[in-house]
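Student: Predicted model follows, preceded by the sequence.
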Amino acid sequence: MDGPDLLIDHFMPAAPFGERHQRWLRASPRRALQATREVRPEEIHFLLLLTALRSLRPGRLFGRERAAARERSLLEVALAGGFLVLADDPDCELLLGTVGRFWTLRPSRAPRVTTPDEFLAFDEPGYAKATLNFHAQAEGGGCRLVTETRITATDAAARRKFGLYWRLIRPGSGLIRRTWLAAIQRRAEA
C-alpha cells in the first residue's frame with residue numbers, strides 16, 4: 001500500500017516524525033472513506049479528554065467543543081481549526097495538512113497557508129508541517145484502511161522543539177488514531 005501513487009507522498013514524501021495505523025473493514029474503500037468524512041469527535045474514545053488535557057482547558061469537555069462533537073464531523077472540526085484538504089480521492093485517499101507551532105500551549109497556525117500549493121511552498125522558519133491521510137484499498141471482500149501522520153519542521157530549532165513535544169504526545173496520538181479507525185469501522189460496517 002505504500003506505493004508512489006499515494007497522495008501523501010506528493011505532499012510529504014518523507015518526514016522525521018510520524019506514525020501509521022491500519023485496520024481491515026467489511027466495507028468498500030469508498031464506504032470506508034465516506035465514514036471517515038462522517039465520524040464525529042464524540043465517537044472517538046478519549047479524543048475530547050486528550051485534547052482538553054493538551055490545551056490545559058478541561059472546560060472543553062463540557063462547553064462549545066462538546067456541542068460541536070455532536071453536531072459536526074471531525075473533518076469539519078479539523079477544517080475549522082486550521083487543517084486544509086490537500087487532496088481527496090473518494091475511492092482511495094483523503095489527505096489533510098496543517099502548519100503550526102504545535103509544541104506551544106496555544107498552538108499558533110501559520111498565516112497564508114490556505115491552499116495545497118501554499119502548503120507545499122511553506123518554509124517559514126519556526127514551524128512544523130503535518131499531513132494526515134486515510135488510504136483505503138480493496139482487500140479480501142472488504143478493505144484495508146490505513147491512516148498515516150507525517151510531520152516535518154521548517155528548520156533545526158523547530159525540529160528540536162517538535163521532537164520534544166512528539167515524545168510527550170505520541171502515545172496519546174497513537175491511541176486517538178487507533179480509536180478513530182475503530183469509530184470509522186463501526187460507521188462503515190453499520
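Tutor: Now that the structure is in, tell me what you want to look at.
Student: From the centroid of this structure, which residue is nearest?
Tutor: L132 (3.9 Å; C-alpha atoms, centre = their mean).
Student: That one is in what secondary structure piece?
Tutor: According to DSSP states H and E, L132 maps onto strand 128-139.
Student: Tell me the helices and strands packed up against that strand.
Tutor: Packing contacts for strand 128-139, counted by 3 or more C-beta pairs under 8 Å, 6 or more residues apart in numbering; DSSP states H and E, involve helix 7-11, helix 29-38, strand 93-100, strand 142-153, helix 156-189. Any C-beta I mention is one placed from the backbone N, CA and C, and that applies to glycine too.
Student: CA-only coordinates of that strand, as PDB, when you get a sec.
Tutor: Provided in PDB are the C-alpha atoms of strand 128-139 (Å, rounded to 0.1, in the frame of the first residue of the first chain):
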ATOM      1  CA  ALA A 128       6.200  22.300  11.600                       C
ATOM      2  CA  LYS A 129       4.100  21.000   8.700                       C
ATOM      3  CA  ALA A 130       1.900  18.000   9.300                       C
ATOM      4  CA  THR A 131       0.000  15.700   6.900                       C
ATOM      5  CA  LEU A 132      -2.700  13.200   7.900                       C
ATOM      6  CA  ASN A 133      -4.100  10.800   5.400                       C
ATOM      7  CA  PHE A 134      -6.600   8.000   5.200                       C
ATOM      8  CA  HIS A 135      -5.900   5.500   2.400                       C
ATOM      9  CA  ALA A 136      -8.300   2.600   1.600                       C
ATOM     10  CA  GLN A 137      -7.500  -0.300  -0.600                       C
ATOM     11  CA  ALA A 138      -9.800  -3.300  -1.500                       C
ATOM     12  CA  GLU A 139      -8.700  -6.500   0.200                       C
END
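Student: In the sheet, which strands lie alongside that strand, parallel or antiparallel?
Tutor: strand 93-100 (antiparallel), strand 142-153 (antiparallel) (DSSP bridges).
Student: Same list (those) but as JSON lines, adding mean neighbour count, mean pLDDT and distance to S28.
Tutor: Conversion of these to JSON lines gives the following (neighbours: other C-beta atoms under 10 Å; pLDDT from 0 to 100; distance: least, C-beta to C-beta, whole Å):
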{"stretch": "strand 93-100", "mean neighbour count": "22", "mean pLDDT": "95", "distance to S28": "14"}
{"stretch": "strand 142-153", "mean neighbour count": "21", "mean pLDDT": "97", "distance to S28": "6"}
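Student: Let me have those in JSON lines, extended by distance to Q22.
Tutor: Formatted as JSON lines, the strands paired with strand 128-139 follow (distance: least, C-beta to C-beta, whole Å):
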{"stretch": "strand 93-100", "distance to Q22": "13"}
{"stretch": "strand 142-153", "distance to Q22": "4"}
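Student: Tell me which of those sits nearest to F83.
Tutor: Taking C-beta to C-beta, strand 93-100 is the member of the strands paired with strand 128-139 nearest to F83, at 4.6 Å.
Student: Now the next helix or strand along the chain from that closest one: buried residues?
Tutor: Next along the chain after strand 93-100, taking DSSP H and E as the criterion, comes helix 116-121. Within helix 116-121, the residues that qualify as buried are 116, 119, counting by 16 or more other C-beta atoms under 10 Å.
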